[in-house]
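>>> sequence unknown, structure follows:
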């Protein structure tokens with residue numbers, strides 16, 4: 001169903017880069033999934049810039065080819081985007097990870113529809129301590145909040161088989177907000193998780209009002 005070519009590498013001072021073109025161009029507006037560079041600031045903080053995945057939960061943060069089932073669920077379709085922007089992330093402790101992201105409004109959703117609204121988000125994830133392989137086992141949980149001064153694009157919902165449940169027309173609303181939380185358990189190759197996404201878009205023009 002999909003093939004990918006990924007170019008990645010490293011440079012001085014811990015610099016990393018990642019380039020992933022979209023070979024068929026059906027799900028991205030510019031034939032590009034990701035193209036970013038990342039630089040560490042100390043031992044536990046990183047800064048990244050470019051076009052990148054901007055998840056609010058663990059599922060959309062996981063690449064689709066390594067998901068345990070066939071595809072992404074409802075929450076990833078609702079609030080998961082790729083966009084051009086800047087992010088910073090790091091560890092408070094070995095069990096607490098945080099991320100701040102700002103997008104420029106040149107992005108797209110999971111089904112390739114353009115999203116022309118800037119979004120700013122913060123996310124925190126708490127896990128069991130990582131072992132010597134840098135893998136954690138046990139419970140995990142996360143909370144994310146995203147906001148923007150406008151919402152320009154459709155709202156789409158699809159199943160893990162990429163079958164559309166509904167898709168709105170292009171919306172030109174104001175003041176989007178998203179609250180995304182998750183709970184789960186990971187043990188070796190088994191992972192179970194529950195994610196919840198609640199979003200709101202204000203002042204969407206409609207016939208007879210908004």
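Okay, I see it. Only a predicted model underlies this, so the values are computations on that prediction, with no experimental measurement involved.
>>> contacting residues around the residue positioned nearest the centre of the chain?
Nearest to the mean C-alpha position of the chain, by C-alpha atoms, centre = their mean, lies residue 55 at 1.7 Å. Applying C-beta atoms under 8 Å, 6 or more residues apart in numbering to residue 55 gives the contacts 61, 76, 80, 123. All C-beta spots, glycine's among them, are computed from the backbone N, C-alpha and C.
>>> Tell me the backbone dihedrals of it, please.
Note on residue 55: its backbone torsions stand at phi -90, psi 160 [degrees, to the nearest 10].
>>> Check the gap between it and residue 184 for me.
14 Å (C-beta to C-beta, to the nearest Å).
>>> repeat for residue 171
31 Å.
>>> circling back: pick out whichever of the contacts of residue 55 sits closest to residue 132.
residue 61 (23.0 Å; C-beta to C-beta).
>>> Other residues contacting the worst-scoring helix or strand of the chain on mean pLDDT?
Across the helices and strands of the chain, the lowest-confidence element by mean pLDDT, DSSP states H and E is strand 114-115, at a mean of 87. For strand 114-115, the external contacting residues (C-beta under 8 Å, 6+ apart) are 29, 81, 83, 105, 107-109, 152-153.
>>> Please check the residues you listed and keep the buried ones.
Buried members of the contacts of strand 114-115, scored by 16 or more other C-beta atoms under 10 Å, are 81, 83, 105, 107-109, 152-153.
>>> Cross these against helices and list the overlap.
Secondary structure assignment by DSSP state H places none of these in helices.
>>> Just give me the closest of these to residue 118.
The nearest member of those to residue 118, counting by C-beta to C-beta, is residue 105 at 4.1 Å.
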